[in-house]
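[1] Below is the sequence, then the predicted model.
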Amino acid sequence: MSFESLGLSPALLRATSERAYLEPTAIQAQAIPAALRGMDVLGCAQTGSGKTAAFALPILQRLADTRRDRPRRVHALILVPTRELAAQVGDTFRHLAQYLPEPLKIAVLFGGVSINPQMMGLRGGADIVVATPGRLLDLVEHNALRLGDVQTLVLDEADRLLDLGFADELARVLEELPARRQNLFFSATFPPAVQGLADHLLRDPVRIEVEAEPETQPDILQRAIEVDTAKRTPLLRHLIKEQGWTRVLVFVATKYATELVTHKLSLAGIHAQAFHGELSQGARTQVLSDFKASRLQVVVATDVAARGIDVARLPAVVNYDLPRSAVDYTHRIGRTGRAGQSGVAISFITPDAEAHFRLIEKRQGLRVPREQIPGFEPVEVAAPVADVNGGIKGKRPSKKDKLRAAAARGGSSST
Ligand code: AMP
């Protein structure tokens, strides 16, 4: 299968070949022809599957063919959950659109920065808008743009849009759109709320599921290392050194932890930066560009960063703290092994986190063998958890505790 056979214009083919897209990924091969025909698409696609180009290419082609009628009228609207993803999707559109005979205006809109430059930028209209829902609504309320001419709506990472509490904003944006339009819906997971939204939005969609296809499955080695809470930073330092990672994205639970872990790594001479939602947009952009350019070895991030960071050839992701949900786990580990590259995703499993990780494994339908690293074997025992009846869970030694005790006495500790 080649890009030529998908019916794309020479200008778009030139742009794909310049981006070194040799052949379409599975989602592109299926979504592009359907979207070019004007059909709705329901894509169940993991991060790294090439889904951005799967919707950007047909949108650009259709716009290039028809736009002359009503230029600068927001014909395509792409809703995304985070600013980073907005910037990234906007970049992809710009790259792919660069050789079109008539330039298209692409506006990228997100919160956390002053609204005025975005309002100025929208003067004279835009053909394509990539936006987070809250800022988009602000701009609509300021009459900076109208959405009555939207022909194609994309919901990118729909599961995350709902996770981040954008359901109300989404409903309000939908009210602004014409009823007759094309809908392209992409999500990595389909819990009931996401499925409900898809059912509500889509008309006879072409369903595309690419997870199971080996050629598009990112090659991610998942590892789970048992370690005590207090030994996680030394273990991280050990792994960075031993594995020779040029870059690693480390996930922690809180903004405070991003700063603490960054500080400890810096003390050890490792070039690290914190990345969390309270940084200014300028600071976030700086960290990402330093990381992409390999001027920075480690980024310690909260889940805010889990979406939308697309760093080519990121060799490793570490879950220093486990994510809250299985969905977040998928998104976090999707930051490595992108676009056919291999990568490793390591989760630190403290005794207290074991039960939670098992739940994540169950939801994912996977089992990651537990490992211990010599010198970092855990000795902590999970803290007892009071159950609803007032009793104490975890009071009796678990199977794992018994195995650990056996290990301490010289027996086997593998689980
Ligand atoms: P996405 O899933 O859209 O975030 O894309 C993940 C990565 O794959 C990005 O770095 C894209 O530039 C890259 N990519 C997208 N399509 C292709 C393709 N056909 N061949 C190679 N790389 C691609």
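    All right, it came through fine. Residues are numbered from 1 along each chain as shown.
[2] Any stretches of this protein with poor pLDDT?
    Filtered on pLDDT under 70, the chain yields the residue ranges 67-70, 211-218, 305-313, 337-341, 384-415.
[3] domains of it?
    Here the domain assignment for the chain is 4-213+408-412, 219-371, based on automatic domain parsing.
[4] JSON lines for those, including distance to the ligand?
    For the C-beta atoms, the positions are set from N, CA and C on the backbone; glycine is no exception. Output for the domains of the chain, formatted as JSON lines (distance: least, Cβ to the nearest ligand atom, whole Å):
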{"stretch": "domain 4-213+408-412", "distance to the ligand": "3"}
{"stretch": "domain 219-371", "distance to the ligand": "3"}
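[5] in the stretch 301-415 of the chain, which spans are strands?
    316-319, 342-349, 370-371, 385-386, 392-393 (DSSP state E, counting those that start in this stretch).
[6] what does the stretch 101-250 of the chain give?
    Using DSSP E, counting those that start in this stretch, strands in the stretch 101-250 of the chain cover 106-109, 128-131, 152-155, 182-187, 206-209, 219-226, 248-251.
[7] on that earlier part again, would you convert the domains of the chain into JSON lines that also reports mean neighbour count?
    Listed next are the domains of the chain as JSON lines, based on neighbours: other Cβ atoms under 10 Å:
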{"stretch": "domain 4-213+408-412", "mean neighbour count": "19"}
{"stretch": "domain 219-371", "mean neighbour count": "19"}
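[8] As a markdown table, those domains with distance to V381 would be great.
    Shown next, in a markdown table, are those (distance: least, Cβ to Cβ, whole Å):
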| stretch | distance to V381 |
| --- | --- |
| domain 4-213+408-412 | 11 |
| domain 219-371 | 6 |
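[9] Please work out which residues outside stretch 29-38 touch it.
    Applying Cβ atoms under 8 Å, 6 or more residues apart in numbering, the external contacts of stretch 29-38 come out as 1, 6-8, 24, 41, 43, 51, 54-55, 57-59, 61-62, 152, 182, 184, 206, 208, 210.
[10] returning to what we had before: I'd like to know which of the strands of the stretch 301-415 of the chain is closest to T92.
    Closest approach to T92 among the strands of the stretch 301-415 of the chain (Cβ to Cβ): strand 342-349, 20.7 Å.
[11] what pairs with that closest one, and is each one parallel or antiparallel?
    When pairing is defined by DSSP bridges, strand 342-349 lines up against strand 219-226 (parallel), strand 316-319 (parallel).
[12] ok now that strand, how far from the chain's centre?
    Computed by Cα atoms, centre = their mean, to the nearest Å, the chain-centroid distance of strand 342-349 equals 16 Å.
[13] Which of the contacts of stretch 29-38 fall within strands?
    V41, G43, T152, Q182, L184, V206, I208 (DSSP state E).
[14] Looking at these, which two lie furthest apart in space?
    T152 and I208 (16.3 Å).
[15] measure stretch 125-141 end to end?
    15 Å (Cα to Cα, to the nearest Å).
[16] check contacts around L96.
    L12, A15, T16, R19, A53, A56, L57, L60.
[17] One more pass at 10 Å, please.
    8, 11-12, 14-16, 18-19, 21, 52-53, 56-57, 59-61 (Cβ atoms under 10 Å, 6 or more residues apart in numbering).
[18] my guess is V130 contacts L109, does it?
    Yes: using Cβ atoms under 10 Å, V130 is in contact with L109, at 7.2 Å.
[19] what sits in contact with each of the two?
    A86, G90, L136.
[20] In helices, which of the residues you listed fall?
    A86, G90, L136 (DSSP state H).
[21] contacting residues around L147?
    By Cβ under 10 Å, 6+ apart, L147 lies in contact with 73-74, 77, 129, 136, 139-140, 153, 173-178, 181.
[22] now for those, which pair is the farthest apart?
    It's L139 and R181 that sit farthest apart of those, by Cβ to Cβ, at 19.2 Å.
[23] ok, back up a step: looking at the strands of the stretch 301-415 of the chain, which is nearest to I115?
    Closest to I115 of the strands of the stretch 301-415 of the chain, according to Cβ to Cβ: strand 316-319, at 33.6 Å.
[24] ok, the nearest residue to H271 once chain neighbours are set aside - contacts?
    Once flanking residues are discounted, H271 sits nearest to Q297: 4.7 Å by Cβ to Cβ, 6 or more residues apart in numbering. Going by Cβ under 10 Å, 6+ apart, Q297 touches I240, W245, T246, R247, V248, L265, I270, H271, A272, Q273, D290, F291.
[25] Among the strands paired with strand 342-349, which comes closest to G277?
    strand 316-319 (18.2 Å).
[26] How far does that closest one sit from its chain's centre?
    Using Cα atoms, centre = their mean, the offset of strand 316-319 from its chain centre is 14 Å.
[27] Same check on stretch 32-47?
    For stretch 32-47, the distance from its own C-alpha centre to the chain's C-alpha centre is 19 Å (Cα atoms, centre = their mean).
[28] Can I get that stretch in CSV, CA atoms only?
    Written as CSV, here are the backbone C-alpha positions of stretch 32-47 (Å, rounded to 0.1, in the frame of the first residue of the first chain):
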residue,chain,number,x,y,z
ILE,A,32,-8.0,8.3,4.5
PRO,A,33,-10.1,6.8,1.7
ALA,A,34,-13.3,6.8,3.9
ALA,A,35,-12.8,10.4,5.0
LEU,A,36,-12.0,11.5,1.5
ARG,A,37,-15.4,10.1,0.5
GLY,A,38,-17.0,12.3,3.2
MET,A,39,-17.9,9.4,5.5
ASP,A,40,-17.8,9.5,9.3
VAL,A,41,-15.0,7.6,10.9
LEU,A,42,-14.7,5.9,14.3
GLY,A,43,-11.1,5.2,14.9
CYS,A,44,-9.9,3.1,17.9
ALA,A,45,-6.3,4.0,17.7
GLN,A,46,-3.4,4.0,20.2
THR,A,47,-1.1,6.9,20.4
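[29] let's number from 14 now, not from 1
    Okay, using 14 as the starting number, the last item reads as stretch 45-60.
[30] any idea where the helices of the stretch 214-363 of the chain begin and end?
    Applying DSSP state H, counting those that start in this stretch to the stretch 214-363 of the chain gives helices spanning 245-256, 268-280, 294-305, 339-346.
[31] W258 is in contact with V357, isn't it?
    Yes: between W258 and V357 there is a contact under Cβ under 10 Å: 8.5 Å.
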